[in-house]
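Q: Okay, sequence plus prediction incoming.
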Amino acid sequence: MSNIVEAKSLTKNYGSFTALDGVNLTIPGGAISGLIGPNGAGKTTTLKALVGLCDVDGELSVAGRDPRIARHKLMEDVCFIADVGILPKWLKVSHVIDYVEAVHPRFDRKKAEKFLSTTDIPANKRIKDLSKGMVTQLHLALVMAIEVQLLVLDEPTLGLDIIYRKEFYDRLLNDFYDGNRTIIISTHQVEEIETLLSHLVFINKGKIVLDSSMSDLSDIYTEVLVDADMVEQADALQPLYVRKLLGKKSYTFESVPREQLKILGELHTPSVADLFVAKLKEEKHG
Amino acid sequence: MKGLILRNRYTLLVVTLIVYMGVLVTEGMITGREARVIEFENPYFDFNSNDFEGFRERRNVNENEDEIFV
Amino acid sequence: MGKFAVLQFYALLKREVLEHRNIFIGAPVVVALLLLVATTWIAMQIDQSQLAEGLRFVSVLFDGLSPLDMAPFVMLLAIPFYLTLYVCSVIYLINTLYQDRKEMSVLFWQSMPVSNFQTVLSKIVAIVLVAPIFYVLIIFAMYLIAMVWLTILGISSDVDLVGIGYLFLAAIASLVLIYISTVVTGLWLLPSVGWLLLFSAFAKKTPLLWAGGVFILVGFLEDFIFGTQFLANWVASRTSDPNQYLIFEFQSVFERVFNYDTLFGIVVGSILIAGAVFMRRFTD
């Protein structure tokens, strides 16, 4: 499947603050891609740029179009949900559904109503009277009723109760994802989504620090619980990151063949969270 | 060119206003529209780069008037 | 494409009316109620016989006039509504591209397949073509109530009421003329519409201040750079004669729309509106 997102040298400055500093990004079609980064790293700016909500410099192609030129055409194939609860507060639930139905050629009202029937959302209430969890449920129900190629989610579960969060990801995987559609999801709650992902992107201070499929990850990164007597040999292999774990030292290596590392101790693939910390520390020490 | 105009909201605003002013002034000059609507007391308000001599005269007149009261 | 585009545009207009119910419906209803209450109160202060005298006087005055002749007089009763509509229009236009950026709902609107041009166009159509429909309907309701009230008064005071029928027809004619007046005025004032939309889209804060401040600045700059005051000249032409805002007879509509003044205003307005459409991409 071809790449659904191809971005080269994306740059964005807000006055003197550099939000994106030459971002290069490739996301394959059909992936569930996680965009992980600390606060202020540029996650929101990147995702907004992908859906044409933020003007950036550089080369950008999403679902075959440049979002800066053809945003409204792109929006027939792409949907966006942001953490800030962007549904208009003064609208009634039924009005939002009416609006999307009239405005979106690929919206299936029956599907949306089916999804909503499993929630407690009343059709006559205004958005401002719904809880944050319900607003997200509503937005997701609308989005899932549209035949989109790409779904872009910017911290969609931020501030939600665990029940809403679990339901959100369940819905996403079971009802929306079909292997052909692509999902890009940003979060700083790595643990929650790491089992869902097929593709991983780390971003820090406006730069991409890692861009890899999950399957490649185990080929490149290895975590070793090093026996005390092998520490010197381990250091010689230039680890990415070292930390203390259960009295022993845990070394993370990048692009070192596993054969070489076998003798040092117990091997396994680092979790996304640990890898993220390792990559960030690498950035710090240059 | 398009990149320059649409670089940020400020450049777009300035370009729009330049086009706007340009059209107004050009139309006025072509159709011979009445160009003076308000006369200002203060010659500095009427500063017109085409009429520098006239400006100097008006400024000198005002300064002379001030002297009488001093 | 045709039918879907129409449905889409209708949904955009519906959004505008729902979002600004106060301006489209609330304000004229309040004005209508105030007028009805005020006239009722005044009528109660006047002696019954004096009221009957007044009615007789009016029916004599209008005797022999056709509804179309009477319409202009009836239109003058709608002046409070004109003023309300113009004030509300300014509030609407300066806020409409600013509000959703302030509350972040712009991210939702822009995530829908609606182009910036459609968005801005729908707002212009909403205030120039749709809002006056609501106003006219509410004025009509007010006229009806007034007619009924007058009829009751007339019957009780033994005044000849054939004139009431003509007055009703005059009211209908005046409503059509009121609507046409507001639409033609909207076209004539398109530069103002565009100016307000441009700054509504541009400003990060206090869009009205930006709109007013830059307008004065541009006026001074024109004088400073070119020595001309064409902008002031145009403002004077738009504000000098209140009669220009009303069309009292159907015959003058064509001439009011297809004259140089209005057409040039449409050209200038289009430049500013284009600026607003492009400005809409800067949502941050």
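A: Everything's here; your move.
Q: Near chain B, which residues of chain A? Just list them.
A: Neighbours of chain B within chain A, by C-beta under 8 Å from any C-beta of the partner chain: residue A:55. Placement of C-beta: from N, CA and C, glycine included.
Q: Spell out which parts of chain A neighbour chain C.
A: Near chain C, when you scan chain A using C-beta under 8 Å from any C-beta, you find A:14, A:48, A:51-55, A:68, A:71-76, A:79-80, A:82, A:84-91, A:95, A:98-100, A:102-105.
Q: Mind checking which of those are buried?
A: With burial judged by 16 or more other C-beta atoms under 10 Å in any protein chain shown, the buried subset of the residues of chain A next to chain C is A:48, A:51-55, A:68, A:71-72, A:74-76, A:79-80, A:82, A:85-88, A:91, A:95, A:98-100, A:102-104.
Q: In strands, which of these fall?
A: Using DSSP state E, the members of those that fall within strands are A:79, A:80, A:82.
Q: Next, format these as CSV and append distance to residue A:195 and pLDDT.
A: Listed next are those as CSV, based on distance: C-beta to C-beta, whole Å; pLDDT from 0 to 100:
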residue, distance to residue A:195, pLDDT
A:79, 23, 93
A:80, 24, 92
A:82, 24, 88
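Q: possible to save those as CSV with distance to residue C:30?
A: Shown next, in CSV, are these (distance: C-beta to C-beta, whole Å):
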residue, distance to residue C:30
A:79, 40
A:80, 39
A:82, 37
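Q: mind listing which of the residues of chain A next to chain C are in helices?
A: If you go by DSSP state H, those have A:48, A:71, A:72, A:73, A:74, A:95, A:98, A:99, A:100, A:102, A:103 in helices.
Q: Could you measure from the last one over to chain B?
A: Put plainly, it is residue A:103. Distance, residue A:103 to chain B, using C-beta to the nearest C-beta, to the nearest Å: 25 Å.
Q: how about low-confidence regions in the chain?
A: In the absence of a named chain, chain A is used. Applying pLDDT under 70 to chain A flags the ranges A:1, A:283-286.
Q: should've been chain C
A: Across chain C (using pLDDT under 70), the flagged ranges come out as C:1, C:154, C:156-163.
Q: cutoff 80 now
A: C:1, C:43, C:46-70, C:73, C:150-167, C:242-243, C:284 (pLDDT under 80).
Q: Close to chain A: what parts of it are there?
A: C:4, C:7-8, C:10-12, C:14-15, C:18-19, C:100, C:103-116, C:118, C:281-284.
Q: 10 Å - rerun?
A: C:1, C:4, C:6-12, C:14-15, C:18-21, C:99-100, C:103-119, C:280-284 (C-beta under 10 Å from any C-beta of the partner chain).
Q: my guess is residue C:40 meets residue C:152, correct?
A: No. With contacts defined as C-beta atoms under 10 Å, residue C:40 does not count as touching residue C:152, sitting 12.0 Å away.
Q: What is the burial count for the closest residue to residue C:175 other than its chain neighbours?
A: Computed as C-beta to C-beta, 6 or more residues apart in numbering or on different chains, the closest residue to residue C:175 that is not its neighbour in sequence is residue C:136, at 5.0 Å. Residues lying near residue C:136 (other C-beta atoms under 10 Å in any protein chain shown) number 20.
Q: SS state for residue C:136?
A: Here residue C:136 is recorded as helix under DSSP: H, G, I helix; E, B strand; the rest coil.
Q: what about it, distance to chain B?
A: Distance from residue C:136 to chain B, by C-beta to the nearest C-beta: 33 Å.
Q: on that earlier part again, ok, and which of the residues of chain C next to chain A reach chain B?
A: Within these, those near chain B by C-beta under 10 Å from any C-beta are C:281, C:282, C:283, C:284.
Q: Tell me the gap between stretch A:111-126 and the middle of its chain.
A: How far stretch A:111-126 lies from its chain's middle: 26 Å, per C-alpha atoms, centre = their mean, to the nearest Å.
Q: Which residues does it contact?
A: Outside of stretch A:111-126, the residues within contact range by C-beta atoms under 10 Å, 6 or more residues apart in numbering or on different chains are A:88-97, A:100-101, A:108, A:127, A:129-131, A:133-135, A:137-138, A:140-147, A:164, A:167, A:171, A:175-176.
Q: will you turn the ones next to chain B among the residues of chain C next to chain A into JSON lines that also has secondary structure, distance to residue C:186 and neighbour count?
A: Formatted as JSON lines, these follow (DSSP: H, G, I helix; E, B strand; the rest coil; distance: C-beta to C-beta, whole Å; neighbours: other C-beta atoms under 10 Å in any protein chain shown):
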{"residue": "C:281", "secondary structure": "coil", "distance to residue C:186": "26", "neighbour count": "20"}
{"residue": "C:282", "secondary structure": "coil", "distance to residue C:186": "27", "neighbour count": "18"}
{"residue": "C:283", "secondary structure": "coil", "distance to residue C:186": "27", "neighbour count": "19"}
{"residue": "C:284", "secondary structure": "coil", "distance to residue C:186": "31", "neighbour count": "16"}
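Q: if we can go back for a sec, if we only consider the ones in strands among the buried ones among the residues of chain A next to chain C, which is nearest to residue C:52?
A: residue A:82 (67.3 Å; C-beta to C-beta).
Q: In contact with the nearest residue to the closest one once chain neighbours are set aside, which residues?
A: Of all residues not flanking residue A:82 in the chain, residue A:154 sits nearest, at 4.5 Å (C-beta to C-beta, 6+ apart). Residues in contact with residue A:154 (C-beta under 10 Å, 6+ apart) are A:35, A:43-48, A:50-51, A:53, A:80-84, A:86, A:184-187, C:107.
Q: and with 6 Å instead?
A: A:44, A:47, A:82, A:83, A:186 (C-beta atoms under 6 Å, 6 or more residues apart in numbering or on different chains).
Q: can you count the residues close to residue B:12?
A: With other C-beta under 10 Å as criterion, residue B:12 counts 22.
Q: do the same with residue A:213
A: Residue A:213 has 14 nearby residues by other C-beta under 10 Å.
Q: That one contacts residue A:199, doesn't it?
A: Yes. Assessed by C-beta atoms under 6 Å, residue A:213 is found in contact with residue A:199 at 5.2 Å.
Q: show me where the stretch 51-200 of chain C has helices.
A: C:67-76, C:79-96, C:99-102, C:106-109, C:116-125, C:131-157, C:162-188, C:190-202 (DSSP state H, counting those that start in this stretch).
Q: Would you mind giving those helices as a markdown table with distance to residue B:10 added?
A: As requested, these are exported to a markdown table (distance: least, C-beta to C-beta, whole Å):
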| stretch | distance to residue B:10 |
| --- | --- |
| helix C:67-76 | 45 |
| helix C:79-96 | 19 |
| helix C:99-102 | 16 |
| helix C:106-109 | 19 |
| helix C:116-125 | 18 |
| helix C:131-157 | 32 |
| helix C:162-188 | 29 |
| helix C:190-202 | 9 |
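Q: most tightly surrounded among these?
A: Using mean count of other C-beta atoms under 10 Å in any protein chain shown, the stretch among the helices of the stretch 51-200 of chain C with the greatest mean number of neighbours is helix C:190-202 (a mean of 26).
Q: Name all residues that make contact with the closest residue to chain B within the stretch 151-286 of chain A.
A: Per C-beta to the nearest C-beta, residue A:206 is where the stretch 151-286 of chain A lies closest to chain B, at 18.0 Å. By C-beta under 6 Å, 6+ apart, residue A:206 lies in contact with A:18, A:19, A:20, A:21, A:42.
Q: please redo it, this time with the cut-off set to 8 Å
A: Neighbour list for residue A:206: A:12, A:18, A:19, A:20, A:21, A:22, A:23, A:41, A:42, A:45 [criterion: C-beta atoms under 8 Å, 6 or more residues apart in numbering or on different chains].
Q: For ChimeraX, write the selection for the buried entries among those.
A: A single ChimeraX command selects the buried members of these (16+ other C-beta under 10 Å):
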select /A:12,19,20,23,41,42,45
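Q: Restricted to strands, list the contacts of residue A:206.
A: Per DSSP E, the contacts of residue A:206 map to strands at A:12, A:18, A:19, A:20, A:21, A:22, A:23.
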